[in-house]
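Colleague: starting from these lines, generate the structure:
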Amino acid sequence: MSVVVAKALKKTYVAGDIKVEAIRGVDFAIEPASFVAFIGPSGSGKSTLLNMIGCLDPPSRGSLEVAGQDISGLSRQEAARFRGEHIGFVFQDFNLIPVLTVFENVEYPLQMVQNWPKAKRQSRVMEMLEAVGMADQAQKKPSQISGGQKQRVAVARALVTNAKLVLADEPTANLDRQTASRIISLMKQMRDEFSTTFVFSTHDPRIVDHVETTFTLEDGRLIRNEIGTGGGHA
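Modeller: From the prediction side, this is the model:
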């Protein structure tokens with residue numbers, strides 16, 4: 001079963017008399033444990049699509065299924081609960097909470113969303129920090145670690161709830177080439193280890209070279225769907 005299925009999906013923003021059609025009726029499916037990218041110029045609709053898949057912004061029309069559930073008509077509260085249970089996020093600016101330690105940042109979704117007991121939380125957080133090579137930095141604050149390390153922490157946080165879908169919006173934009181390559185390799189490793197689907201919105205050819213499927217957007221329309229090997233190693 002596909003992890004994401006969109007049919008005749010549309011998103012229109014209205015401001016006074018002005019209507020902007022950000023997404024103009026797209027159809028696509030994303031398979032489990034895949035590495036997928038939405039690509040296209042700025043304003044093509046990449047981030048809008050990611051926001052809809054992530055239950056951050058409801059569709060205007062059409063249907064959108066994520067993890068077997070139609071999310072098109074969820075209330076704000078239902079969408080927040082669904083997000084917390086099924087979806088992880090990785091952002092270009094990391095979005096770590098500066099006053100929390102690395103450990104606490106990764107633990108945060110388990111406290112806020114899933115309310116795991118303390119011992120289970122601590123075990124799971126350390127498991128994820130070890131998986132991304134950050135266990136020895138657990139008690140540092142975000143200001144004390146590098147950009148690449150911050151993104152490793154963000155990947156651990158995205159996966160800590162056992163999310164089967166991770167949405168990554170330009171995750172390498174603020175990283176140098178070598179660090180970006182390491183993060184891409186890490187995400188592939190996490191996909192292989194945990195059978196997680198990674199969906200990127202990106203301009204970065206380094207990511208595009210490593211995904212298995214690219215969906216090309218232009219003016220809110222899906223103009224091309226290409227399946228590649230995704231077999232390169234960063």
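
Colleague: going forward, measure contacts and count neighbours with C-alpha atoms only.
Modeller: OK.

Colleague: contacts for stretch 96-115 next, please.
Modeller: Residues outside stretch 96-115 that contact it (C-alpha atoms under 8 Å, 6 or more residues apart in numbering): 81, 84-85, 116, 121-122, 125-126, 129, 137-143, 150, 153-154, 156-157, 160-161.

Colleague: would you mark the buried spots in the helix or strand of the chain with the lowest mean pLDDT?
Modeller: Taking mean pLDDT, DSSP states H and E as the measure, the chain has strand 221-227 as its least confident helix or strand, at a mean of 88. When neighbours are counted by 16 or more other C-alpha atoms under 10 Å, the buried residues of strand 221-227 are found to be Arg221, Leu222.

Colleague: quick one: strands adjacent to it?
Modeller: Sheet pairing for strand 221-227, assigned by DSSP bridges, gives strand 213-218 (antiparallel).

Colleague: residues in contact with the strand it pairs with?
Modeller: So strand 213-218 is contacted by 35-41, 44-46, 208, 222-228, 230 (C-alpha under 8 Å, 6+ apart).

Colleague: pLDDT score for the one residue sitting closest to the centre of the chain?
Modeller: Nearest to the mean C-alpha position of the chain, by C-alpha atoms, centre = their mean, lies Leu167 at 1.2 Å. What the model reports as pLDDT for Leu167 is 97.

Colleague: surely it touches Gly54?
Modeller: Yes. Contact criterion C-alpha atoms under 8 Å: Leu167 and Gly54 qualify, at 7.2 Å.

Colleague: mutual contacts of the two, please.
Modeller: Ile87.

Colleague: between the two ends of stretch 211-224, how far is it?
Modeller: 15 Å (C-alpha to C-alpha, to the nearest Å).

Colleague: I meant to write stretch 89-108 there.
Modeller: 13 Å.

Colleague: okay, now Ala138: neighbour count?
Modeller: Ala138: 18 surrounding residues under other C-alpha atoms under 10 Å.

Colleague: got it, and Ala135?
Modeller: Ala135, neighbours per other C-alpha under 10 Å, totals 17.

Colleague: distance of it relative to Arg182?
Modeller: As defined by C-alpha to C-alpha, Ala135 lies at a distance of 17 Å from Arg182.

Colleague: I'd like the next helix or strand past the helix or strand that contains Lys19.
Modeller: Element membership for Lys19, per DSSP states H and E: strand 18-30. Remark: after strand 18-30, the chain's next helix or strand is strand 35-39, criterion DSSP H and E.

Colleague: contacts for that following strand, please.
Modeller: Contact partners of strand 35-39, identified using C-alpha under 8 Å, 6+ apart, comprise 30, 46, 188, 191, 197-203, 207-208, 210-217, 230.

Colleague: one more time with 6 Å, if that's ok
Modeller: Strand 35-39 has contacts (C-alpha atoms under 6 Å, 6 or more residues apart in numbering) with Lys46, Phe198, Val199, Phe200, Ser201, Thr202, Val211, Glu212, Thr213, Thr214, Phe215, Thr216.

Colleague: beta partners for the last one?
Modeller: Taking DSSP bridges as the rule, Thr216 bridges to Ile39, Arg224.

Colleague: look at it and say how many residues are nearby.
Modeller: 20.

Colleague: measure it to Gln189 for me?
Modeller: Distance, Thr216 to Gln189, by C-alpha to C-alpha: 25 Å.
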